[in-house]
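Colleague: no sequence on this one, just coordinates:
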C-alpha cells in the first residue's frame, strides 16, 4: 500500500508517493535525482549515504522513506554549489581532502553537523564526528585538516 | 538478498499513542514488528532474516521519548535515541556510566537513529548500554493490553534475540537507579576499532560505606560472553563488606571472568582471550570506579 | 636547478569541486531510458557440480527481461590467464560465484526472480589451504587448465592446482649457504583481504541490435575492458565503446575486466536495453575479486659482517578459484622477491595456487605488501641473530645504483636511493635514541622496513595523449588513464602548464574516458600513470608546440627555431612585433591577405615502456622494471601488555619519487596508503567457515580503519633523485605507501615487547598470545 509523504529537501517542499519498504537513499537518488548521496554498504557502516535529517546526520540506507515524512532533509546538493560553495566544501578542495570523492558528500555533511553545533572542535571531536564515514583513499589526515580550516574560517566570519 | 533494497513488503503503521500501538500489536501478533531507529531491524530485513508483514513505527509516540529524573532514579523513554542520551547534561553529570556506554555504541549516525529501547529489545549480546543499565539496577517497564508491569533488566534479557516481552507487549521505559552516595562507576569496551561490535563490555559500580569499605558492587560483563550479558554476583559478593585493595579486586575480576561462556565461533576473539582479558578489564574498571568514588560525588 | 612555475606546486585537484558538491558522476549515478537492473544468483557451495538449473518460474515473473545462465555465455575472459567464464558453467568454484543473472525493470523484481530460480548442486570436495592444494590427490579446481589461453610469461601446471610457477635462479644458492656463517629460516602468512573501494563494482552494458556495444563502467582501464571484451566475445573493437566516468576507488580491484561482459550479454538477451549491475557490499566481498592470500618461507644465509650470501624463497599465493590477475602478481612478487637488496645467490619459487576461496586480483602493491611482510620481518630476525643493528644491516645490503637485482639488472645510475630513504626514516623515527620505553603501563617500540616496487606490466605497454588547442587559446588534454582518486590528471595538467608555460586555469583534462575518442592507454594500474601518461603528455605538448611554431614561423617570417611558446603566445623573445596569440592559430593561421595556413592544432604524444625484456622462463633473469620506486617506513607503537592492544603513535615514511609534481597529491597517496596498511596490519582478514563460506562479508564484521584509528603523527620525507627518462624525473608512488607498513609495525612490536609475529593481521589477541607464551617460557 503506497503512502503519501511530504518533506522539505534542500529547502524545497516535496510531495511523494512511496511504498513503505522504500529506502530514503533510493528515493533521494532515483526519485529526486540527487545522486550525490551514495550507496556504499547498505548496513549503516560506511556513511556514504549520510544525509542530514532535521540537522542531524543519519544513514539514509537504513531510513524508511515513509519515516522521513514531515522532516527536513539536507543532502550534499543542498549546502553549496560550484559557484557558491559552503566553506567546508572549499576547505576540502583547498587542503586536498578529496580523492576518489565517493565518501566526500557524506563526510562533508557529518562535518557540517559537527560545526553547526560545535564551531571550535578539537581534533578528537572531529575524529569522533566523522567516525561514521569510511574513507579508503585519504587516511583521513587531510579531511581532518579541512574541517579544522573550515571551522577556523567560519568562526572568523561570525566574529 | 542484498543490502541495496528492502525486498520485504509490509503494511506500515505510525501509532501516536502507546495504546494504539498495543492494539495493532495485539491484532497482528507475530506478523507485526516494532521499529524505532531501524538500524538493526532494517539490516535484518534486508538480509531476509525476518520478514514482518506489519511494521509498527514507534517514533511518532511522543510519550515514549523522554529523559527525566525522580527521587530514586532516571527514567528513559524507550524511543529516546542514543544521541539524546549522550547530549543529556543530566546523564553526563549524574550517570556517567550511561553516558560512556551510550557513546561507545556505533557511530554518530547510528546514535542519531538508534533508540535505547530498540537496542535492549534486539538483545544482541555485544550491546553496550545493557551492562551499564544492569550495573545501575535498571528496571524495564512494559506495557500490554492488561496494563503495565516491570521487570529487572537482567531478567528482561533472556538470550540472543530473546526478551521477556509477551505477544502484544512493548517496552516503554527503562528506569535506572541513582547511584547512592559514595559510588563510582566505570565502563570499558574492547573492540577492534571504533564503532565495532564489542569484543568485551565491562560496566561496574562500587558504592562505599562511610568507613571506606565496599557497601555494594555491581560487576557486569557483555560482548559475546554468553547468550546475554553476565552479572557476576560472585564477584560482587567478594567485594561486599571489604576494603577494596588490588589483590581483592583481582580476585573479583577472576571470579567474574570465570563465569564467561563465550561461543567458540566468534570472529572477534577466542573464548580464551575473552576470559583472560576480561580479568584485566574488570580489574581496570573496578580500579577506575574506586578512584571515582573519591572524586567527591562524581560517579 | 630548473625553475618551475607549475610543477612541484600545490595545484588544487581539478576534480575536487565537482566531488565536494555532489555533482561528480560515477557509473552508478547514470540512468538511461529503458534501463534494466541486474541481480545475481550465487553459489552457496565452495565447490559443486551444477546438476540442473530451472529458471522457468523466474522468467514468468512480470518485469523480468532476461535470465542468463553460464551455458548461454560460453566465453572465457582474461588478461593473463583466461580461466574464468562470466557465470559458472558445469561447476561452481567458490561460495558467491554467480550462477544465474537476471535483468528486470527494477532491482526488486530482479531479486524476486532470483529467489524463484532453482539450482541443483552436487557438492564436491573442496580445498582451501594452498599447501594442501599442491599435494597429490588434492581436489582439482580446474580440470581443463591445459586448454586455457594465457600470456606467454605464465607457466601453468595442468593436472595440478598451479596456475603459474615463476622461477628465479641467480648465482648458486647452495654455495651461498655454505659461505654463510648463519642460516635462518622462517615462515610468514597473510590472509585474503579486500580492496574495499567505497564504490562497489558498477557496470552498465548495452548490446544494440545493430551490433554496437556500449559500456559504462567503474573500470580502471577502459582500453583493457574494450580489448578483453572484444576478444572474449569475438566482437571487433570498433564496435565497442567503453566509457569510464569518475571511479569511487580502485586500488587494483577494478583493473582488467570484471562484470562488463555480463551486463552486455544480458542486454543482448533483453533486446538491446541498457542493463545495470551494482554490486552489493556483500558481493563486493565474495563475488567479485579480492586480494590473494599469502604463505611465504624464506631461508637466508648471512655472514657475521652482515653481508647476505643467499636467499631461498618460496611464495605461495592463494589465488582462490580464478587466477587471471593472480598469475601476474605471482610473477611480479617473484622478480622482486628479495626486497630492495643485492643478494648474490637466490632461488625463488613463486607459485599461484588455485583453491576454492573467492578469486584473487590486484590490490594496491600487487603482491608487494604481502611478501615485504616476509622479507622485512626476516631482515630484522636475521640482524638480531648476528647482533647487528637492523638499519645498519639493511644499509649494508641495500640495492643502490650500480648493484645487481635478483633478475640480474644493474640498477641505473639515476635509479632511486633506498639507502637515503632508510636513513631519512631512521632519523625521523628517532632510531637509536634512548627514550623511555614504558609510558603509563604501556610499552613503546620502533621498527623500520624498506621496500621497492616497479610497475608490473608487459615489457612493451604504451600510453598516448592528445592535446587540443581550442579556439580561445585554452587547451584540452585527452588521456585514457582514469581518475579513481589518485589525482594523476591534475599532475598531468601541471605538466602541460609547465611545458606550454600556460596558466593552469586554461587547461582542461577530459573527465570522462571514452575509447571511441580517447587515445590509447594500456591500463591505469601499477603506479605507472604519472610516468607513462606523463611522458606521453609531455610528448603531446611538445608536438603541439611544434605545430604552432611551424605555422607561426610562416606567418611571422622567422625561423621556427627562434620561436618560443609561453603566456598563451608564440613569439621571438625580445621582439614584441614577432608574436602571435595561440588562439589565432587554433583553427588555422591567417596571412594578412586572408589566406589560411596550417590547420586545427592537435598535439599527439605517446610513450612506450623502454628497456624492458622478457624474463628467462627457468631463471627469471631479464629486465622487468621501467622504474623502481624505493622507500622505507618507520613505525612507533605503544603496546598494552595486558590486552595486547597496539596503537601506532607515529609513522615516518620516505620514498624516492624523483620529483614531486604536486606535494598535496603525493601526501594524499602517502597517508591513504599508510592507513590502508594499518587496517591490514591489525584487523582486515577474510574469515571462513569450514565450508569456505565467508563469515565477515560486510563492514560490520570486516573492519577497515576509521578516523580514530590513524596514527597520532605522520612524517613524510620526499627523496628526490630524478630519473632521467621520467617526466621531470618523477616516479610513481601510488602503491608504495601501502607496502611495508605491516613489517614496520611488527618490528616495532618486537622492539616494544619482544614478541615476534609471523602472521597478519596482528590482532591484539595474537600479540597477547605472544606475550603469554613469552611469560610462560620465562
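Modeller: Arrived safely, thanks for sending. As the structure is a prediction and not an experimental result, all values here were calculated from the model.
Colleague: So what does residue C:296 have for phi and psi?
Modeller: phi -130, psi 140 (degrees, to the nearest 10).
Colleague: from memory it sits against residue C:315, does it?
Modeller: Yes. Under the criterion of Cβ atoms under 8 Å, residue C:296 makes contact with residue C:315 at 5.1 Å. Every C-beta, even on glycine, is put in place using the N, C-alpha and C of the backbone.
Colleague: Could you name every residue contacting both of the two?
Modeller: Common neighbours of residue C:296 and residue C:315, counting by Cβ atoms under 8 Å, 6 or more residues apart in numbering or on different chains, are C:371, C:374.
Colleague: Contact distance from chain B - what residues of chain A qualify?
Modeller: A:1, A:3, A:19-23, A:26, A:39, A:41-45, A:47, A:50, A:53, A:56-59, A:61-64, A:66-67, A:110, A:113, A:128-132 (Cβ under 8 Å from any Cβ of the partner chain).
Colleague: Next secondary structure element downstream of the helix ranked longest in chain C?
Modeller: Ordering each helix of chain C by length in residues (DSSP state H) puts helix C:529-556 first. Per DSSP states H and E, helix C:529-556 leads on to strand C:564-566 as the next helix or strand towards the C-terminus.
Colleague: Flag every buried residue along that next one.
Modeller: residue C:565 (16 or more other Cβ atoms under 10 Å in any protein chain shown).
Colleague: now the spatially most central residue of chain A, nearest residue through space, not along the chain?
Modeller: Nearest residue to the geometric centre of chain A (Cα atoms, centre = their mean): residue A:109, 2.9 Å. Nearest residue to residue A:109 in three dimensions, chain neighbours excluded: residue A:50, at 5.0 Å (Cβ to Cβ, 6 or more residues apart in numbering or on different chains).
Colleague: Now do the one you found: how many residues are near it, please.
Modeller: 32 (other Cβ atoms under 10 Å in any protein chain shown).
Colleague: just residue C:401 next, same as before
Modeller: 15.
Colleague: That one contacts residue C:413, doesn't it?
Modeller: Yes. Counting by Cβ under 8 Å, residue C:401 touches residue C:413, with 5.1 Å between them.
Colleague: for chain B, what are the nearby residues on the stretch 251-400 of chain C?
Modeller: Counting by Cβ under 8 Å from any Cβ, the stretch 251-400 of chain C sits next to chain B at C:278, C:280, C:281, C:282, C:283.
Colleague: which residues touch the second one?
Modeller: Shown here is residue C:280, whose contacts under the criterion Cβ under 8 Å, 6+ apart are A:42, B:2, B:3, B:4, C:200.
Colleague: need the residues you listed in a markdown table with neighbour count and secondary structure, can you?
Modeller: Formatted as a markdown table, these follow (neighbours: other Cβ atoms under 10 Å in any protein chain shown; DSSP: H, G, I helix; E, B strand; the rest coil):
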| residue | neighbour count | secondary structure |
| --- | --- | --- |
| A:42 | 29 | coil |
| B:2 | 22 | coil |
| B:3 | 25 | coil |
| B:4 | 25 | coil |
| C:200 | 29 | coil |
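Colleague: Among those, which has the minimum pLDDT value?
Modeller: pLDDT across the contacts of residue C:280 is lowest for residue B:2, at 88.
Colleague: Can you report phi and psi for the nearest residue to it once chain neighbours are set aside?
Modeller: Excluding the flanking residues, the one nearest residue B:2 by Cβ to Cβ, 6+ apart is residue C:280, at 3.9 Å. When quoted as degrees, to the nearest 10, the phi and psi of residue C:280 stand at phi -70, psi 160.
Colleague: Can you tell me the element residue 108 falls in?
Modeller: Picking chain A for this. helix A:104-117.
Colleague: ah, no, chain C please
Modeller: helix C:107-116.
Colleague: Residues in contact with that helix: which ones?
Modeller: The contact list for helix C:107-116, computed with Cβ under 8 Å, 6+ apart, reads B:1-2, B:4-5, B:7, C:36-41, C:57-59, C:61-64, C:67, C:100, C:102-104.
Colleague: Break chain A down into its domains, please.
Modeller: When chain A is parsed with automatic domain parsing, its domains come out as A:3-78, A:87-158.
Colleague: Show only the entries of the residues of the stretch 251-400 of chain C next to chain B found in helices.
Modeller: Residues of these located in helices (DSSP H): C:281, C:282, C:283.
Colleague: residues near the second one, how many?
Modeller: By the criterion of other Cβ under 10 Å, residue C:282 has 24 neighbours.
Colleague: picking up where we left off before, of the residues of the stretch 251-400 of chain C next to chain B, just say which sits nearest to residue B:86.
Modeller: Of all those, residue B:86 sits closest to residue C:281, with 27.7 Å by Cβ to Cβ.
Colleague: which ones are touching that closest one?
Modeller: By Cβ under 8 Å, 6+ apart, the contact list for residue C:281 reads A:40, A:41, A:42, A:43, A:46, B:3, C:200, C:698, C:699.
Colleague: Would you state the predicted confidence (pLDDT) at the closest residue to it other than its chain neighbours?
Modeller: Using Cβ to Cβ, 6+ apart and skipping residues adjacent in sequence, the residue nearest residue C:281 is residue A:41, 4.2 Å away. Confidence at residue A:41, expressed as pLDDT, is 98.
Colleague: With residue C:185 instead?
Modeller: 98.
Colleague: List the contacts of it.
Modeller: Listed by Cβ under 8 Å, 6+ apart, the contact set of residue C:185 reads C:297, C:298, C:299, C:300.
Colleague: again with residue C:335
Modeller: Contacts for residue C:335 were tallied using Cβ under 8 Å, 6+ apart; they are C:166, C:168, C:406, C:407, C:615, C:620, C:624.
Colleague: And the residues you listed, which of them are buried?
Modeller: C:166, C:168, C:406, C:407, C:615, C:620, C:624.
Colleague: just those now: which is nearest residue B:190?
Modeller: Of the buried ones among the contacts of residue C:335, the one sitting nearest to residue B:190 (Cβ to Cβ) turns out to be residue C:166, at 42.4 Å.
Colleague: Could you say which helix or strand holds the nearest residue to residue C:79 once chain neighbours are set aside?
Modeller: In this structure, residue C:79 finds its nearest non-sequential neighbour in residue C:256, 4.8 Å apart by Cβ to Cβ, 6+ apart. Using DSSP H and E, residue C:256 maps to neither a helix nor a strand.
Colleague: which residues touch residue C:256?
Modeller: Here residue C:256 is in contact with C:78, C:79, C:221, C:224, C:225, C:228, C:324, C:325, C:361, C:362, C:523 (criterion: Cβ under 8 Å, 6+ apart).
Colleague: If we use 10 Å, what do you get?
Modeller: C:77-80, C:219-221, C:224-225, C:227-228, C:289, C:324-325, C:328, C:361-362, C:523, C:525 (Cβ atoms under 10 Å, 6 or more residues apart in numbering or on different chains).
Colleague: swap in residue C:511?
Modeller: C:14, C:15, C:18, C:24, C:25, C:245, C:246, C:483, C:489.
Colleague: same deal with residue C:515?
Modeller: C:215, C:222-223, C:225-227, C:237-238, C:240-244, C:480, C:521.
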